[in-house]
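Novice: Have a look at this prediction, sequence included:
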Amino acid sequence: MPHNVSLISTIATGFGLALIFGFIASRMKVPPLVGYLLAGIAIGPATPGFVADMDLAGQLAEIGVMLLMLGVGLHFSLADLLAVKRIAIPGAILQITVATALGMGTATLWGWSLGGALVFGLALSVASTVVLLKALEARNVLESVNGRIAVGWLVVEDLVMVLVLVLLPALAPMLGGTADPHVAPGQNVWLTLGLTLGKVATFIVLMLVVGRRVFPKVLWLVAKTGSRELFTLCVVATAVGVAYGSAKLFDVSFALGAFFAGMMMRESEFCHRAAEESLPLRDAFSVLFFVSVGMLFNPSVLVQEPLKVLIVVAIIMVGKTIAAMGLVLAFRYPLNSALTVGASLAQIGEFSFILAGLGVSLKLLTPEAHSLILAGALISIALNSLLFTAIEPAQNWIRSRSALARSLELRDDPLAELPMSVPQSVLTGQVVLVGHGRVGSRIAHALMDRNLPFVVAEENREVVEQLRAKNILAVWGNASDPSVLIQAHVARAGMLVIATPDSFNVRKMVEIARTLNPAIEVVVRTHNEEEGRLLEQDEVGKVFIGEHELAQAMLGHVLFRMGHDLRRT
């Protein structure tokens with residue numbers, strides 16, 4: 001037997017205790033991740049008994065982050081990212097500014113230095129991508145518009161934090177800290193910023209130009225071998241290899257590198273198989289992420305500084321949430337989107353730990369501040385799932401008691417209804433197309449090529465604006481809201497085509513459409529075979545499963561039912 005088994009003991013105890021505590025938490029109707037956090041505390045240095053190797057646990061957690069971000073990239077195309085840029089970029093920057101100001105103001109009142117207050121505020125401003133993904137996946141809303149806005153928002157936050165982590169060592173002496181030995185004395189801050197931006201831009205261009213051509217071909221070549229294990233190995237090796245290489249060569253985070261690797265692999269016809277094959281590994285290593293978070297936490301801070309801990313948690317879960325909700329509503333998105341994004345950001349995670357550790361090493365943060373950040377992270381992560389559970393009740397409560405909320409939902413929006421100038425001839429027997437993503441856009445182009453009338457119902461405002469600019473009939477809103485389908489004139493439509501991956505609201509859309517138009521024909525898409533069987537059992541309409549092959553088959557069915565042949569040009 002080998003003498004050094006720290007890796008095996010860390011994995012064995014981490015998984016074993018996570019299973020036990022997670023099971024107990026689940027039986028108590030508490031999210032399992034709370035059990036994973038408790039397992040980490042149990043094997044951490046702050047509690048008696050066995051202490052796992054924290055360095056190894058941290059590296060295993062990083063692998064979990066890479067694999068999770070790979071999964072997001074496999075479900076998140078570049079078009080999805082660009083589609084939410086008008087809300088994600090300014091929203092993330094403004095939210096970081098507000099949260100940092102709240103943290104700095106609080107730390108200043110506590111008598112901290114300017115540099116310590118700045119690092120403290122920044123650490124509280126950035127949410128955990130891992131926690132967000134687990135919450136969105138658990139509720140099957142990762143591919144919804146709200147999910148894409150939240151993910152796009154966090155991608156922007158990650159990019160901002162990459163710049164902060166690179167610039168902070170150079171700025172530390174000016175902020176009252178010590179110089180980083182890895183930073184050359186007198187190094188120009190603007191030169192550092194320029195080099196960082198250049199590296200990040202080079203990485204992104206390299207991935208978009210080279211990666212999107214190379215990765216799909218590699219997946220295709222490996223898939224041709226017929227070996228399942230080789231295919232899984234290819235997916236994992238690509239994610240971990242690109243993440244490591246991007247961190248070493250371009251100074252971007254492991255998470256961001258894996259995310260872009262996944263986005264490039266999405267261009268392959270095997271992207272869904274890649275997502276399925278990597279799912280068990282993603283789930284397993286994500287557990288180790290939460291265990292590693294628990295290991296960092298020292299429960300004594302709850303006894304020594306309970307008031308400060310409460311204030312930190314309030315900034316994270318109340319201040320950030322209200323700021324994010326206000327920004328989303330300011331961009332004219334509905335209350336549900338504001339609540340979802342607000343809940344998504346009501347926690348902190350991996351970047352906060354890295355930033356806090358760097359602040360301590362640069363003598364900007366005290367150990368007390370580091371403990372407060374970790375306490376805020378642990379408590380906010382444990383409570384975050386409760387916020388997601390409360391979204392629908394909170395939405396109903398706010399609407400029932402707030403005239404302002406109701407007016408915001410009913411406000412006059414030109415994108416929420418078709419222009420009065422639309423001739424009635426194109427609003428009879430038309431196709432109502434729900435969703436204008438990868439599948440929906442292909443169907444829309446084919447309908448246009450054959451001069452078949454259609455109306456797009458789309459939840460993304462920016463997509464609707466782009467369609468209106470091209471004189472394409474489109475209404476903005478969630479098609480599970482009766483007013484959206486009414487504005488699309490579904491009562492006189494010939495067909496309802498649900499091309500959105502949001503399978504959660506499909507039955508509601510179909511029920512509304514058939515109430516308004518009992519004779520309407522319905523065509524539905526889904527990625528999940530089990531969900532497809534359930535939809536067919538419920539007789540919602542013709543169901544198609546997949547994506548690339550789905551788009552072609554779905555398109556052929558729609559054109560055939562509308563009296564046209566797919567082969568016609």
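Specialist: Received it, and whenever you're ready, just let me know what you need.

Novice: Ranking helices and strands of this protein by mean pLDDT, which lands last?
Specialist: Sorting the helices and strands of the chain by mean pLDDT, DSSP states H and E puts helix 403-410 at the bottom, at a mean of 62.

Novice: Check which element follows that one along the chain.
Specialist: Going down the chain from helix 403-410, the next helix or strand is strand 431-434, by DSSP states H and E.

Novice: Buried residues, that following strand. List them.
Specialist: V431, V432, L433, V434 (16 or more other C-beta atoms under 10 Å). The way it works is simple: take the backbone N, C-alpha and C, and place the C-beta from them, glycine included.

Novice: Pairing partners for it, with directions?
Specialist: strand 454-458 (parallel), strand 495-498 (parallel) (DSSP bridges).

Novice: any idea which of those is most buried?
Specialist: strand 495-498 (a mean of 28; mean count of other C-beta atoms under 10 Å).

Novice: what's the helix or strand that that one is followed by packed up against?
Specialist: Using DSSP H and E, the next helix or strand after strand 495-498 towards the C-terminus is helix 506-516. In terms of contacts (3 or more C-beta pairs under 8 Å, 6 or more residues apart in numbering; DSSP states H and E), helix 506-516 is packed against helix 482-487, strand 495-498, strand 521-526.

Novice: Figure out which of these is closest to V235.
Specialist: strand 521-526 (22.7 Å; C-beta to C-beta).

Novice: Domains in the protein, by residue range?
Specialist: 6-401, 417-561 (automatic domain parsing).

Novice: Just give me the neighbour total for S441.
Specialist: Counted with other C-beta atoms under 10 Å, residues neighbouring S441 total 18.

Novice: Next: R228.
Specialist: 11.

Novice: for S361, same thing?
Specialist: With other C-beta under 10 Å as criterion, S361 counts 15.

Novice: helix/strand/coil for the residue nearest the centre of the chain?
Specialist: Geometric centre of the chain, nearest residue: V151, 2.7 Å, by C-alpha atoms, centre = their mean. At V151 the chain is in helix, as set by DSSP: H, G, I helix; E, B strand; the rest coil.

Novice: I'd like to know how far it sits from S480.
Specialist: Using C-beta to C-beta, to the nearest Å, V151 is found at 21 Å from S480.

Novice: And A488, by the same measure?
Specialist: Distance from A488 to S480, by C-beta to C-beta: 13 Å.

Novice: higher neighbour count, those two?
Specialist: Counted by other C-beta under 10 Å, A488 and S480 do not tie: A488 has more neighbours, with 28 against 19.

Novice: which ones are touching that one?
Specialist: L418, V432, V455, A457, V475, A479 (C-beta atoms under 8 Å, 6 or more residues apart in numbering).

Novice: Now flag whichever of the residues you listed is closest to L345.
Specialist: The closest of the contacts of A488, once distances to L345 are taken by C-beta to C-beta, is A479, at 26.3 Å.

Novice: Please name the residues that touch that closest one.
Specialist: V434, A457, E459, L485, A488, I498, T500, N505, M509, I512.

Novice: of all the residues you listed, which comes closest to T97?
Specialist: Nearest to T97 out of the contacts of A479 is E459 (C-beta to C-beta; 27.2 Å).

Novice: Quick check: pLDDT value at the closest one.
Specialist: According to the prediction, E459 has pLDDT 83.

Novice: what's the answer for L387, then?
Specialist: So L387 comes in at 85 (pLDDT).

Novice: M1 too?
Specialist: For M1, pLDDT reads 47.

Novice: SS state for the closest residue to I391 other than its chain neighbours?
Specialist: Using C-beta to C-beta, 6 or more residues apart in numbering and skipping the chain neighbours, the partner closest in space to I391 is L339 (4.7 Å). Under three-state DSSP, L339 falls in the helix class.

Novice: same thing with G111?
Specialist: Once three-state DSSP is applied, G111 turns out coil.

Novice: what about it, neighbour count?
Specialist: With other C-beta under 10 Å as criterion, G111 counts 8.

Novice: and the gap between it and G121?
Specialist: Distance from G111 to G121, by C-beta to C-beta: 15 Å.

Novice: any low-confidence regions in the stretch 151-300 of the chain?
Specialist: For the stretch 151-300 of the chain, applying pLDDT under 70 flags the ranges 179-189.

Novice: Just the helices from it, written as ranges.
Specialist: With DSSP state H, counting those that start in this stretch applied, the stretch 151-300 of the chain shows helices at 189-206, 212-224, 228-250, 254-265, 271-296, 300-304, listed in chain order.

Novice: Point out the most buried one among those helices.
Specialist: Taking mean count of other C-beta under 10 Å, helix 254-265 is the most buried of the helices of the stretch 151-300 of the chain, at a mean of 27.

Novice: what helices or strands is that one leaning on?
Specialist: Helix 254-265 packs on helix 54-74, helix 145-171, helix 189-206, helix 212-224, helix 228-250, going by 3+ C-beta pairs under 8 Å, 6+ apart.

Novice: same for the longest one, what does it pack against?
Specialist: This means helix 145-171. Using 3+ C-beta pairs under 8 Å, 6+ apart, helix 145-171 sits against helix 78-83, helix 85-109, helix 114-125, helix 129-138, helix 189-206, helix 254-265, helix 335-344, helix 350-361.

Novice: Can I get these in TSV including distance to L329?
Specialist: As requested, the helices and strands packed on helix 145-171 are exported to TSV (distance: least, C-beta to C-beta, whole Å):
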stretch	distance to L329
helix 78-83	19
helix 85-109	11
helix 114-125	20
helix 129-138	20
helix 189-206	30
helix 254-265	27
helix 335-344	5
helix 350-361	26
